[in-house]
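*Asks:* Got a sequence here, can you model it:
(one chain, ligands or ions: 1)
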Amino acid sequence: MKKIIICIAIFALIMGIIFIYFKLVKNNNSIFSSEKTENVEENINKNSISYTGWLKTSGAELQNEHGEKIQLKGLSSHGIQWFPDVITYDNLKELKENWHINVFRIAMYTDQNVNGYIAHPEESKALVKEIVQYAKDLDLYVIIDWHILSDNNPQIYKQQSIEFFDEMSREYADTPNVIYEICNEPNGYDVKWETSVKPYAEELISTIRKNCPKSLIIVGTTEWCKGIKNAADDPINTPNIVYACHFYAGSHRDELRSKIDYCREKNIPIFVSECGITDATGNGRIYEEEFKKWIEYLNNNNISWVFWSFCNKDESSSILTPEYKIQTTNESEEISTETTSEQVDENTEVVKIDDYLTETGIIIKSLL
Ligand code: IDC
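*Replies:* Model prediction:
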């Protein structure tokens, strides 16, 4: 009898151990921590912003929140006042999933003569916020670009810029996705780094940082963002800023690359927040080999780059052909009530960006 009780007790003990093993270890609720850590680590997507978080700089390098190097690659919109329709949630999703972009730049022109922010502040802000929301939903970094150009000196609309970035950085104080580009391309012989751009940047940086201390800020440089050596010789004394260098493959080559080398040797981080495959006009022939040389150089040096531009304007820098057209809600309602399923397929094809790529679009997709 005693032997039987001992056998039953041993059997119950073994069953108990097996039960605990399956319940806790296999279901990953484990009190056995080594197994658990391994599985959790497998589940972390190291490319997602919930992991990479707030970007920062160390020397010339861009890093994620964990101090690991990171390179952003993506596309810039054209002026959002002209080509807002192509920037949809679905298109950004496609660009993220199948083109592998991890950043999208919102080029918000400022000049009132081109219907920019100064002429239409409320509409411009609404559009920016809509696109930032897409980026948040899609786990993309997004650059809010104060796109000065013909309004060549950032001092011209400094007050409006302060108000705009104050509002944006309050709104996105807890959003690591958002990167602030405070002036696209300062230009003109009287627009100097020391007297115009640097003092503007210092004021804007303190406006943004008081609301959002961890933000990454892109500072435009003189000469349409070619004057990076001026910034390197007289940098802004604050962490987590990168300096913009812009190139167009038909116009800028070795000379500009050696300026980037100069900056990097001085521990100045460079961010190519705009680049193109044409000459600086954004139109005319494309320079595929020169552009590829640039991309190889940037990738080898882990420098982030953003391509101009994601739009369907009839110019050779565009990713999409002018025939690309967005299906409107009315069209889709008509389709759902009055057409057969084959016709729906035919009609819905209109929204696939990959069917409307320019030569430029095909090349850029292959490089992202
Ligand atoms: C160009 C656009 C073009 C538009 C022009 C003026 O491609 O359609 O008519 O601006 O608004 C830049 C600027 C960028 C330019 C681009 C090409 O940041 O706004 O876009 N470029 O010229 N710097 C160097 C080149």
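*Asks:* For the closest residue to Lys46 other than its chain neighbours, give me its contacts.
*Replies:* Nearest non-adjacent residue to Lys46, counting by C-beta to C-beta, 6 or more residues apart in numbering: Thr52, 7.4 Å away. To be clear about C-beta, it is placed using only N, CA and C from the backbone, and glycine gets the same treatment. Going by C-beta atoms under 8 Å, 6 or more residues apart in numbering, Thr52 touches 46, 64-66, 70, 176.
*Asks:* Number of residues surrounding the residue of the stretch 251-368 of the chain found nearest the ligand?
*Replies:* Closest to the ligand within the stretch 251-368 of the chain is Gly282: 2.8 Å, counting by C-beta to the nearest ligand atom. Residues within reach of Gly282, counting by other C-beta atoms under 10 Å, total 17.
*Asks:* nearest residue to it other than its sequence neighbours?
*Replies:* In this structure, Gly282 finds its nearest non-sequential neighbour in Ser317, 4.3 Å apart by C-beta to C-beta, 6+ apart.
*Asks:* The ligand contacts on the stretch 201-350 of the chain?
*Replies:* The stretch 201-350 of the chain comes close to the ligand at residues 224, 246, 248, 274, 280-282, 308, 313, 315, 317, as judged by C-beta under 6 Å from any ligand atom.
*Asks:* Going by neighbour count, which of these are buried?
*Replies:* Buried by 16 or more other C-beta atoms under 10 Å: 224, 246, 248, 274, 280, 282, 308, 313, 315, 317, out of these.
*Asks:* give me every residue that touches the closest residue to Asp85 other than its chain neighbours.
*Replies:* Take Asp85 and drop its neighbours on the chain: the residue closest to it by C-beta to C-beta, 6+ apart is Ile326, 4.8 Å away. Counting by C-beta under 8 Å, 6+ apart, Ile326 touches 85-86, 88, 350-351.
*Asks:* Ok, Val132 next?
*Replies:* Shown in contact with Val132 (C-beta under 8 Å, 6+ apart): 106, 142, 144, 172, 175, 177-178.
*Asks:* And the next helix or strand past whichever helix or strand it is part of?
*Replies:* Assigning secondary structure by DSSP states H and E places Val132 in helix 121-138. Using DSSP H and E, the helix or strand that directly follows helix 121-138 along the chain is strand 141-147.
*Asks:* Who are the packing partners of that next one?
*Replies:* Here strand 141-147 touches strand 73-77, strand 103-109, helix 121-138, helix 158-171, strand 178-181, going by 3 or more C-beta pairs under 8 Å, 6 or more residues apart in numbering; DSSP states H and E.
*Asks:* just checking, Glu94 touches Ile353?
*Replies:* Yes: counting by C-beta atoms under 8 Å, Ile353 is a contact partner of Glu94 at 6.0 Å.
*Asks:* the more surrounded of these two?
*Replies:* A count of neighbours by other C-beta under 10 Å puts Ile353 above the other of Glu94 and Ile353, at 21 against 16.
*Asks:* Just give me the residue right at the centre of this protein.
*Replies:* Val103 (2.0 Å; C-alpha atoms, centre = their mean).
*Asks:* what's it in contact with, if anything?
*Replies:* Val103 is in contact with 72-74, 140-143, 179, 304, 306, counting by C-beta under 8 Å, 6+ apart.
*Asks:* if I look at the nearest residue to it once chain neighbours are set aside, how far off is Lys214?
*Replies:* Excluding its sequence neighbours, the residue lying closest to Val103 (C-beta to C-beta, 6+ apart) is Gly74, at 3.7 Å. For Gly74, the distance to Lys214 equals 21 Å [C-beta to C-beta, to the nearest Å].
*Asks:* Run through the chain and note the low-pLDDT ranges.
*Replies:* Scanning the chain for pLDDT under 70 picks out 1-2, 4-5, 7, 9, 12, 16-43, 327-350.
*Asks:* how about 50 then?
*Replies:* Across the chain, the ranges flagged by pLDDT under 50 are 24-38, 328-349.
*Asks:* re the thing from before, tell me which entries of the buried ones among the residues of the stretch 201-350 of the chain next to the ligand lie within strands.
*Replies:* When these are checked against strands (DSSP state E), the matches are 246, 248, 274, 308.
*Asks:* Turn the residues you listed into JSON lines, including distance to Ile118.
*Replies:* Shown next, in JSON lines, are those (distance: C-beta to C-beta, whole Å):
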{"residue": "His246", "distance to Ile118": "22"}
{"residue": "Tyr248", "distance to Ile118": "26"}
{"residue": "Glu274", "distance to Ile118": "21"}
{"residue": "Trp308", "distance to Ile118": "22"}
